[in-house]
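[1] I'd like to go over a predicted model; first the sequence, then the structure.
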Amino acid sequence: MELQDPKMNGALPGGAVDYRQEHEGFLPSHSPSPGRKPAQFMDAPALVSFPGPPPHVCPGLAPYPQFEGKTSFGMSVFNLSNAIMGSGILGLAYAMAHTGVLFFLALLLCIALLSSYSIHLLLTCAGVVGIRAYEQLGQRALGPAGKVVVAAVICLHNVGAMSSYLFIIKSELPLVIGTFLDMDPEGDWFLKGNLLIIIVSVLIILPLALMRHLGYLGYTSGLSLTCMLFFLISVIYKKFQLGCAIGHNETEVERKSPPSLNTSCEAQMFTADSQMFYTVPIMAFAFVCHPEVLPIYTELCRPSKRRMQAVANVSIGAMFCMYALTATFGYLTFYSSVEAEMLHMYSQQDLLILCVRLAVLLAVTLTVPVVLFPIRRALQQLLFPSKAFSWPRHVAIALILLVLVNVLVICVPTIRDIFGVIGSTSAPSLIFILPSVFYLRIVPSEVEPLYSWPKIQALCFGILGVLFMAISLGFMFANWATGQSHVSGH
């Protein structure tokens, strides 16, 4: 039966009993409830079927066929892990250098647990109203304005992700081409990073972005994870090969390290400085996957909240291990000299690192069009909701987005600033604030009273996100105003 907003009719929703049955903790148990069938999502955003009679269709809505997911548990873990994994991994060693090993690992674990809890809130809301998209949850919770806010936050986050990918191209492609041509990337105009990102955007990214259809998570899932695993293995290997890279002849640490940093081969367990407030945003940026959770849930074979939460927990756990290992071994190679883009610390002539650079460049270049698609879809839904598909509009939006991102990357001095700003705005919104607002607004008060422990938890979770955003942005603006933001740039 249809689950309606209780504020619409003042009555307890007909699915309240089913919601009780569907309400599961975010650390799921292994034994499913006896006699309960998993909820099935419809293509219509406001419908969900439960055991019993066929669902009633809202007036004005045609009945939609049920969507039965066919993706296995393992493949769902693979897809969600790819959604989590991103360019943020390159900045984690920098984050560890400004917090200390133990403090960083504690913060990383907290962000991972909080991210898992926020997915629990999303799945709970989806179980109540049967909605399968983040934007539609925003509309159900806050009306049309909620849909606009959610779409804007997702666009901001994806623009930040595209910018971070292009920044990697800007910093690493000149080194790769210079190595192959045996030229100095600093001396030749055609090896300038700003020119190369424009060329890559026009010749590779734009043609791919003009495709009308692109499979969800695209063709880069396997490639991206494989490249990042290769990156991790290489970082570990180089640590044992180089030992302490400070002063090592094959690295550029001496040339690039600002004199104010402690460049001794001594690991700090706990530390704090003016750059520390970039670290939590970088970690938050590295764990954002929430817009992809509900589509992956919809495609999951035998979907249930317990099963999807297990997918999320396994994916987040795997990424936590990969992030922790990458940050630890990267930091123990370069210590306090490590930069916000760790690959830039290695020798340009190192063959293994050259292969790593090529792999990462290939992965991020092919990922940019995939990240652009959700932005264009959100803009079309907001600005042209009733318009039929138009090639001129399709091309124009892609061109405008690419020009905007290229200008942003050319103007922003370091990738750390991108990680910091996006990690302080869109990341806490997607992880903390919006899931808690959805939970407070969507879960009926007749089922979970306002003063119940789950809703108090959700409220505190949202307040934590607001505080995190305000503090991080405040300290970053203060650093920019005092000129301290370039202490560790490149």
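    Yes, it's here.

[2] residue contacts, residue 182?
    Contact analysis of residue 182 by Cβ atoms under 8 Å, 6 or more residues apart in numbering lists nothing. (Glycine included, C-beta is placed from N, CA and C.)

[3] for residue 196, see how far away it is.
    Residue 182 sits 17 Å away from residue 196, taking Cβ to Cβ, to the nearest Å as the criterion.

[4] start and end of stretch 442-451, how far apart?
    Terminal residues of stretch 442-451 lie 15 Å apart, using Cα to Cα, to the nearest Å.

[5] downstream neighbour of the helix or strand of the chain with the lowest mean pLDDT in the secondary structure list?
    When the helices and strands of the chain are scored by mean pLDDT, DSSP states H and E, strand 48-49 comes last with a mean of 34. Later in the chain than strand 48-49, the nearest helix or strand by DSSP states H and E is helix 73-84.

[6] what's in contact with that next one?
    71, 217, 220-222, 224-225, 286-289, 292-293, 296, 299-301, 307-308, 310-312, 314-316, 318-319.

[7] also stretch 356-367?
    So stretch 356-367 is contacted by 87, 90, 165-166, 168-169, 172-173, 175-176, 200, 204-205, 208, 218-220, 223-224, 226-228, 230-231, 234, 343 (Cβ under 8 Å, 6+ apart).

[8] what pLDDT, on average, does that stretch get?
    Averaged across stretch 356-367, pLDDT comes to 86.

[9] which residues of the stretch 351-490 of the chain score low on pLDDT?
    Scanning the stretch 351-490 of the chain for pLDDT under 70 picks out 483-490.

[10] over to the stretch 201-350 of the chain?
    213-221, 245-264, 274.

[11] could you pull out the helices in it for me?
    206-209, 221-242, 253-256, 279-287, 290-299, 305-334 (DSSP state H, counting those that start in this stretch).

[12] quick one: closest of the ones you listed to residue 465.
    helix 279-287 (9.4 Å; Cβ to Cβ).

[13] what angle do that closest one and helix 305-334 make?
    Following axes from the mean of the first three to the mean of the last three Cα atoms, to 10 degrees, one obtains 130 degrees for the angle between helix 279-287 and helix 305-334.

[14] what's helix 279-287 in contact with?
    For helix 279-287, using Cβ under 8 Å, 6+ apart, the contacting residues are 84, 86, 88-89, 91-92, 94-96, 98-99, 104, 107-108, 111-112, 115, 160, 316, 319, 323, 416, 419-424, 427-428, 431, 468, 472.

[15] how far out from the middle of the chain is the host helix or strand of residue 463?
    Residue 463 is part of helix 453-482 when elements are defined by DSSP H and E. A distance of 18 Å separates the centroid of the chain from that of helix 453-482, by Cα atoms, centre = their mean, to the nearest Å.

[16] so what secondary structure elements neighbour that helix?
    If you count contacts as 3 or more Cβ pairs under 8 Å, 6 or more residues apart in numbering; DSSP states H and E, helix 453-482 packs onto helix 101-129, helix 279-287, helix 415-428, helix 434-442.

[17] now with 6 Å?
    helix 415-428, helix 434-442 (3 or more Cβ pairs under 6 Å, 6 or more residues apart in numbering; DSSP states H and E).

[18] measure the most centrally placed residue in the chain to residue 421 for me?
    Centroid-nearest residue in the chain, with Cα atoms, centre = their mean: residue 288, separated by 2.9 Å. From residue 288 across to residue 421, the span is 14 Å (Cβ to Cβ).

[19] ranking the helices of the stretch 201-350 of the chain by burial, who's on top?
    Among those, ranked by average contacts under mean count of other Cβ atoms under 10 Å, first place goes to helix 279-287 (a mean of 28).

[20] and the angle from it to helix 453-482?
    120 degrees.

[21] could you check the angle helix 73-84 makes with helix 279-287?
    140 degrees.

[22] centre of the chain to helix 279-287, how far?
    With Cα atoms, centre = their mean, you get 9 Å for helix 279-287.

[23] one more: stretch 303-321?
    Relative to its chain's centre, stretch 303-321 lies at 15 Å (Cα atoms, centre = their mean).

[24] go on, stretch 171-188?
    30 Å.

[25] next one: stretch 89-105
    18 Å.

[26] could I get the buried residue list for it?
    Buried residues in stretch 89-105, counted by 16 or more other Cβ atoms under 10 Å: 89-101, 103-105.

[27] now do that stretch, average pLDDT.
    88.

[28] so for it, first residue to last residue, what's the gap.
    14 Å.

[29] so what touches it?
    267-271, 273, 275-276, 279, 282, 323-324, 326-327, 330-331, 336, 338, 340-342, 419 (Cβ atoms under 6 Å, 6 or more residues apart in numbering).

[30] repeat that with 7 Å
    107, 168, 228, 267-271, 273, 275-276, 279, 282-283, 286, 323-324, 326-328, 330-331, 335-336, 338-343, 415-416, 419 (Cβ atoms under 7 Å, 6 or more residues apart in numbering).

[31] and stretch 375-389, by the same measure?
    With contact meaning Cβ under 7 Å, 6+ apart, stretch 375-389 is reached by 135, 148, 151, 154, 155, 158, 159, 393, 397, 398, 401.

[32] mind doing that once more with 6 Å?
    151, 154, 155, 158, 397.

[33] what's the most distant pair in those residues?
    154 and 397 (14.8 Å).

[34] which of those two has more neighbours?
    Of the pair residue 154 and residue 397, residue 154 is the one with more neighbours under other Cβ atoms under 10 Å, namely 24 against 19.

[35] that one falls within a helix, correct?
    Yes. Assessed by DSSP: H, G, I helix; E, B strand; the rest coil, residue 154 belongs to a helix.

[36] what's the closest non-adjacent residue to it?
    Nearest residue to residue 154, sequence neighbours excluded (Cβ to Cβ, 6 or more residues apart in numbering): residue 291, at 5.4 Å.

[37] alright, I will stop here.
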